[in-house]
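Enquirer: compute the structure for the input listed below.
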Amino acid sequence: MAHKRWNIANADKEKASAISEKFNMDAFVAYLLAARGFDDELKVSEFISSSVRISDPFELQGMDEAVERIERAVSLGEKITVYGDYDCDGVTSTALLYSLLSEMGGDVDYYIPQRDSEGYGLNKDAVKKLADGGTRLIVTVDNGISAAEEAELAYSLGMELVITDHHQIPPALPRAEAIVNPHLQDGELPFTDFAGVGVAFKLACAVYGDTDDILYRCGDLAAIGTIADIMPLRDENRAIVKAGLKLINTSPRPGIAALIKAAGLDGKEINSGNMAFSVCPRINATGRLEHAAKAVELLVCKDAARAEAIAAQLNDNNEDRRRLEQEILEDCERRIAGDASLLRDRVIVIGGRGYHQGVVGIVAARICEKYEKPAVIIGEDEDGSARGSARSISGFNIYEAISACSQLLTHFGGHPAAAGVSLAAADIPRFRKLINDFAAEKYPAMPPQSIDIDFKISPLYLTVDLARSLKVLEPYGEGNKRAVFALMNLELVDVVPMGGGKHIRLECRKKGRIIKIACFGTQQKDFPFIPGETIDAAVKIGVNPYNGREYLSVSAVDIRKSGMDEEAYFSQREEYQLFLAEKCNSKSVYPQRAEFAAVFKAIKKRGIVYTDADSLYFSLSGVTYAQMMFALWAFRDCGLISFDGSRVKLTDFTGKADLNASKTVKFLKGRLGIE
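Expert: Have a look, this model is predicted:
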C-alpha cells in the first residue's frame, strides 16, 4: 500500500495557552483548537457554545417569492407535491417539508423517483403523472436546479414550480416561481454550504416564521440529512446538527427511535459518528434497493408500532445491501488478484454482469480507499447497456477524466470526487484504456495522499480524561474531523487477532508503557509489520463504557515504519511512476546485482509473512523505490514471490532463477538500451 504523507499541524503555543486558561480547557484540546484556526476568544466561544445561531432565512435569494407561492397554495387548497430524491439528504428534505406543510393544513403529498428506472431529479414521466394527479405546485427539495426541460413541461401542463436545491448552478436556470439555492449568492453570504435538507430547513423557517420552533420540530431531520451528505459541520450546519442530535437523544420521533433500535443503538448516545455509520445507511439502503418513499413514510410516521415494522424493512434492505456490496467487492478483489494490469492502471475500471446499480458506488469507494487510486465500478445489464459509479482520491479530478471519454458515454455527470457513467457494455475495455491514457497524460505521477494530524503525543498522555475533554469538539464531521494523534517510535511487541480474525490489536511499548491499538478491518495475515520492528501510529481515541466503568479506546488511522524519509520516498515513488508513464528514462531505475540481493534478503528475512511493497521499501538501505519495484516484478516473473503491485510474499520456489531471462529485466534493458 502506498504510504500517506503525514501533515502535522502547528499552532501558536501562546494563543493555545491563553485559550486553555480562559476557558479552563485541557491544554491539548486548546492547542488543537488553535491549530485548527480557533485562535481567539470569540472564535472559540462560538465554536464550543451550546446556543444556536441561525441566520435570517430571508437573506436567501428567492425566499420571499417561495414563501408567498407556498402560502398561496395552502390558502387556496391547491395540491402541492414535495418532489425529493432517493438518498438520505433527499429523503429527510422531503419528510421535513411534507410534515410542515401537512401541519399547516396544506393539501400535500410527496414524490420520490425510483433510482433504477427514473434516475436523479425531475423527469418528464413523473411530471406528467403529477399533472394527471391534480398537482398544481411542485416544490423540489435537493434537486431541480438543472431541470430546465422538465420545468417547461410542468408549466405547459398547468403546474408551477418552487425549486430548492444546493447543487452547483448551471449556465441557464429553469423556469420557476422561485429558486432558493445558496450558491446563487456564493461570496455574498457568510455561509452557503448547506445540504439539500439545510435549504429545506431554511424554507421551513421562513414559511413558519419561527426558527426556534422549527429547529425543535425538524432539527432531527435536518441533522440526519446534513450528516449523511457529508457537508462541512461548521457555522449553521454545526448549530443544526448539535440541536438535532440533542433532540434525537432526548425525544426522538417514532420513526427515528425505531431506526435507532433497528440499528442496535437503543439506549446508547447518538452522535454524528454512529448516525453516519449506522442510521444513515439504513435510510440510503432503501433508495438503493427498493423505493425511498418507504423511508419517508418511516420518518413522518407517528405510530410507534407501524414505525418499528417499517424500520425492520429498512434494516432488511440494509442487510441485503451489505450482502450485495460484499459479493461485488469480493468479485472485484478476485479480478484484481488475477490480473496485475488492473492494479498497474492509474484508474481501476471493472465491469461485471449482475453488479447491482444501487451499490456499485459504495464498492468503488471501497476499492478507491484500499488501493488509493480512482475506481470506476460498472454494472452490465442484460440488454448490453452498462452503468457505473466512480470515486476518486484527493487531487485527481475524476469528473474531468470521465469527461475526456465522453465520446464513448451515453450519459455522465458528477464532480471532482465522484461521478456516474452510462455506456454500452461492449465499450468498457475501450473506456478503461481511454481513461487511463488520459490519466497517464494528465497525471503521470499520481497525487500522494495525506493524513492531517493534530499533534505528536506521548502515550503517557493518552488518557480517558483527554478523550472526555475532546467531546467539546463534537459533533464531528466534514470540516471538523475527530482528532488524530501521532505516536512515534513504538516498539511493536505483539499482533493479536480479534473479532473472529477480522481485526487485529497491536501491543506496543514505549518508555515502559504498553499501549494497545486496534486496527479495524485488517487481518493478521495482511499486516505488513512483525514484532520487534519500530513503528509510528496515527490514532484516534475514545471512551468505551463497560460494566459501569470507562476505558480508553485507541484505534489506528495509519501505521508506518519509524524513521521513514518522507521526502525521499515520495520523490522516488514519483520517479518510478514517471518512468512507467514514459515521462523519464533514467537508468537509475535499473536494479544491479547488489539491489536485487538486498531486496530478496529483506523478503527472506520475513519468511512467509506477508508485507506490502511500500513497507518493504523502508526496511531497505541504498535501494531506490524504482529499483525495488522492478526487482519485485522480476522476482514475480521467475516465481520467487507472489506480487500484485502491492502485496509481497515469498513462495516455496526451489531451484535456480535466471533474473536476466525475466520479462521485467528484458523490458528494462530494451527501454534503457542496456546490453
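Enquirer: what pairs with the host helix or strand of Gly413, and is each one parallel or antiparallel?
Expert: For Gly413, the host element (DSSP states H and E) is strand 409-415. Using DSSP bridges, the strands paired with strand 409-415 are strand 418-424 (antiparallel).
Enquirer: what comes up buried for the partner strand?
Expert: Ala418, Ala419, Gly420, Val421, Leu423, Ala424 (16 or more other Cβ atoms under 10 Å). All C-beta atoms are positioned from the backbone trio N, CA, C, and that covers glycine.
Enquirer: and if you look at stretch 441-457?
Expert: Result for stretch 441-457 [16+ other Cβ under 10 Å]: buried residues Tyr443, Pro444, Ala445, Met446, Pro448, Gln449, Ile451, Ile453, Asp454, Phe455, Ile457.
Enquirer: please apply the same query to stretch 427-442.
Expert: Asp427, Ile428, Phe431, Arg432, Leu434, Ile435, Asn436, Phe438, Ala439, Ala440.
Enquirer: contacting residues around the residue nearest to the fifth one when sequence neighbours are not counted?
Expert: Spatial nearest neighbour of Leu434, chain neighbours left out: Cys405 (4.6 Å); criterion: Cβ to Cβ, 6 or more residues apart in numbering. When contacts are counted by Cβ atoms under 8 Å, 6 or more residues apart in numbering, Cys405 is found next to Phe431, Leu434, Ile435, Phe438.
Enquirer: same deal with Leu137?
Expert: Arg69, Ile70, Ala73, Glu78, Lys79, Ile80, Thr81, Met159, Glu160, Leu161, Val162.
Enquirer: quick check, nearest of those residues to Val359?
Expert: Thr81 (29.0 Å; Cβ to Cβ).
Enquirer: residue contacts, that closest one?
Expert: Per Cβ under 8 Å, 6+ apart, neighbours of Thr81: Val108, Asp109, Tyr110, Tyr111, Leu130, Gly133, Thr135, Leu137, Ile138, Val139.
Enquirer: which of those residues sit farthest apart?
Expert: Gly133 and Val139 (15.0 Å).
Enquirer: between those two, which one's more packed in?
Expert: In terms of neighbours (other Cβ atoms under 10 Å), Val139 is the more surrounded of Gly133 and Val139; the figures are 31 against 11.
Enquirer: what's the offset of the helix or strand harbouring that one from the middle of its chain?
Expert: Element membership of Val139, judged by DSSP H and E, is strand 137-140. Using Cα atoms, centre = their mean, to the nearest Å, the distance from the centre of strand 137-140 to the centre of the chain it belongs to is 30 Å.
Enquirer: and after that strand, which helix or strand comes next?
Expert: Next along from strand 137-140, by DSSP H and E: helix 148-156.
Enquirer: tally of neighbours for Glu330?
Expert: 11.
Enquirer: name the element it belongs to?
Expert: Per DSSP H and E: helix 304-338 holds Glu330.
Enquirer: and after that helix, which helix or strand comes next?
Expert: Next along from helix 304-338, by DSSP H and E: helix 340-344.
Enquirer: and the contacts of that next one?
Expert: Contacts of helix 340-344 (Cβ under 8 Å, 6+ apart): Arg335, Ile336, Ile348, Val349, Ile350, Tyr371, Leu580, Phe643, Asp644, Gly645, Ser646.
Enquirer: average pLDDT for the helix or strand where the fifth one lies?
Expert: Right, Ile350. Counting by DSSP H and E, the element that carries Ile350 is strand 348-353. Here strand 348-353 scores 95 as its mean pLDDT.
Enquirer: do stretch 624-632 as well
Expert: Across stretch 624-632, the per-residue pLDDT values average to 95.
Enquirer: alpha carbons only: can I get that stretch in CSV?
Expert: Provided in CSV are the C-alpha atoms of stretch 624-632 (Å, rounded to 0.1, in the frame of the first residue of the first chain):
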residue,chain,number,x,y,z
THR,A,624,15.6,3.3,-4.6
TYR,A,625,11.9,2.8,-4.8
ALA,A,626,12.0,2.1,-8.6
GLN,A,627,14.9,-0.4,-8.2
MET,A,628,12.9,-2.2,-5.5
MET,A,629,9.7,-2.3,-7.6
PHE,A,630,11.5,-3.6,-10.7
ALA,A,631,13.3,-6.2,-8.6
LEU,A,632,10.0,-7.4,-7.2
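Enquirer: can you give the distance from it to the centre of its chain?
Expert: With Cα atoms, centre = their mean, you get 32 Å for stretch 624-632.
Enquirer: how about stretch 151-162?
Expert: 36 Å.
Enquirer: before we move on, what about stretch 241-255?
Expert: With Cα atoms, centre = their mean, you get 24 Å for stretch 241-255.
Enquirer: now do it, average pLDDT.
Expert: The model assigns stretch 241-255 a mean pLDDT of 94.
Enquirer: identify each buried residue in it, please.
Expert: Of the residues in stretch 241-255, those buried (16+ other Cβ under 10 Å) are Val241, Lys242, Ala243, Gly244, Leu245, Lys246, Leu247, Ile248, Pro252, Arg253, Pro254, Gly255.
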